[in-house]
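Prediction below, plus the sequence it came from.
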Amino acid sequence: MQNERIIVTGSAGFIGSHLARSLVTRGAAILGVDNLDPFYDPAIKRANQAATRDAAEASTGSYDFAETDIAEPGAFTAAAAQFRPTGVIHLAAKAGVRPSIEDPAGYTRANVVATSEVLNAAHQLGCSRVVMASSSSVYGNSSTVPFSENDTCVEPISPYAATKRACELLAHTHHHLTQQPVSCLRFFTVFGPRQRPDLAIAKFMRIIDTGETLKMFGDGSTSRDYTFIDDILTGITAAYERTPDFGFRIWNLGSDRPTRLDDMINAIAEVVGKPANIEQTGMQPGDVDRTWADLSRARDELGYAPSTPFAEGLQAQWDAAKRTATGV
Ligand SMILES: NC(=O)c1ccc[n+]([C@@H]2O[C@H](COP(=O)([O-])OP(=O)(O)OC[C@H]3O[C@@H](n4cnc5c(N)ncnc54)[C@H](O)[C@@H]3O)[C@@H](O)[C@H]2O)c1
């Protein structure tokens, strides 16, 4: 990564801040681009940024930041031009399934329009490659598990999922027309230190710790393929390195280890050291029943081998949350 100059969009977010930090530590020059969207507290994003800056100061890499709304026409190009990027890792998005049902147009702007801006700019700037975040949600309620990249993915069940699939289709078209190498990474529920506060694990840790009632949607039998952030980072880095060899490629990045919702709640209660006060309620619209990544392609082509046990990842996330709460 020593000679790489990479733009990371969404660099103030959960995955983006971990990635930027990891890349500067490996000697890359990073330009982070993010609009500090108020979907969750921008103070968390500023703290994420501070962690990246600290890492950059202690490394041979560098970190610059542009606060920019990349869905604005020309804004990404303007932010990127001076930096002369060799590649782009595009993680910025409005994430979250349920809020997308209230704001499909906002999600389309932040995800689809912004991706179009990033792809066009990356081509004009002569980048060697673009790696983009997609999502397991594109599989919808597919009955064939584990989910394979060969699935046609034409039945998403939330606006968020539909925008992510639309971004993949735009990426394919972009590669076809420009030959610029592009890959799309379907992340399966990512967790770990600094996880997005709206996601279930972070939320349940807070609720169980304070003794509030935990609303469990459904009977607990839904499942997710939870993937620890460090495993996702190795997958993104491998994808960045291999994308030029493939032209256009989609890779699942999951853990191949689905966990039921009720088991997940029990595991969190164990780590927090308090009982969960559960109230069962109906399933939420837009939520899929299960996710489970087929990793054959990522294993073969990227050497991707997620290794963090679920309980170990939960412990790391809980330890980090306690450190943040106590300021230690
Ligand atoms: N966390 C997961 O479990 C998960 C799972 C599947 C896919 N993803 C995808 O991975 C990526 C990163 O997710 P995350 O969990 O880190 O989310 P996040 O919300 O923490 O980070 C996304 C960042 O994008 C920024 N952003 C949003 N709209 C923008 C705009 N118009 N211009 C500039 N910046 C903008 C936000 O301010 C935020 O900091 C997203 O593309 C998301 O859809 C995440």
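Yep, that arrived. For clarity, every value in this text was computed on a predicted model and none was experimentally measured.

tell me, how many neighbours does Lys274 end up with?
13 (other Cβ atoms under 10 Å). Any C-beta I mention is one placed from the backbone N, CA and C, and that applies to glycine too.

Read off the pLDDT value for the residue nearest to it when sequence neighbours are not counted.
Nearest residue to Lys274 in three dimensions, chain neighbours excluded: Ile208, at 5.4 Å (Cβ to Cβ, 6 or more residues apart in numbering). If you check Ile208, the pLDDT there is 97.

same deal with the one 5 residues further on?
Model confidence at Thr213, expressed as pLDDT, equals 97.

Enumerate every residue touching it.
For Thr213, the contact set (Cβ atoms under 8 Å, 6 or more residues apart in numbering) comprises Ile207, Asn277, Ile278, Glu279.

what does Ala202 give?
Phe191, Gln195, Arg196, Gln317, Ala321.

The same query, at a cut-off of 6 Å, please.
Each residue near Ala202 by Cβ atoms under 6 Å, 6 or more residues apart in numbering is listed here: Gln195.

repeat for Ala110
So Ala110 contacts Ala71, Lys94 (Cβ under 6 Å, 6+ apart).

Next: the one 3 residues further on.
Taking Cβ under 6 Å, 6+ apart as the contact definition, Val113 lies against Ala71.

what number of residues lie near whatever residue of the stretch 201-328 of the chain ends up closest to the ligand?
The stretch 201-328 of the chain approaches the ligand most closely through Thr227 (7.6 Å), counting by Cβ to the nearest ligand atom. Thr227 has 28 neighbours, counted by other Cβ under 10 Å.

who does it bridge with?
Val190 (DSSP bridges).

pretty sure it is touching Gly254, no?
Yes: counting by Cβ atoms under 6 Å, Thr227 does reach Gly254; the two are 5.3 Å apart.

if I look at the two, which residues touch both of them?
Counting by Cβ under 6 Å, 6+ apart, the contacts common to Thr227 and Gly254 are Phe188.

what's the burial count for the residue of the chain found nearest the ligand?
Distances between the chain and the ligand by Cβ to the nearest ligand atom are smallest at Gly13, namely 2.0 Å. Residues lying near Gly13 (other Cβ under 10 Å) number 28.

State the number of residues packed around the residue nearest to Ile157 when sequence neighbours are not counted.
Once flanking residues are discounted, Ile157 sits nearest to Gly140: 4.8 Å by Cβ to Cβ, 6+ apart. Gly140 has 20 neighbouring residues, counting by other Cβ under 10 Å.

Spit out the contact partners of Gly140.
Glu155, Pro156, Ile157.

just Arg5 next, same as before
Ala29, Pro85, Thr86.

repeat for His172
Phe248.

can I assume it sits in a strand?
No: secondary structure of His172 (DSSP: H, G, I helix; E, B strand; the rest coil): helix, not part of a strand.

which regions of this structure lie under the pLDDT threshold?
Applying pLDDT under 70 to the chain picks out residues 327-328.

Assign Asp64 to helix, strand or coil.
Secondary structure of Asp64, per three-state DSSP, is strand.

correct me, but it touches Ile30?
No: in this structure, Asp64 is not within contact of Ile30 by Cβ under 6 Å, at 7.3 Å.

quick one, which of those two is more surrounded?
For Asp64 versus Ile30, neighbours defined as other Cβ under 10 Å are more numerous around Ile30 (28 against 16).
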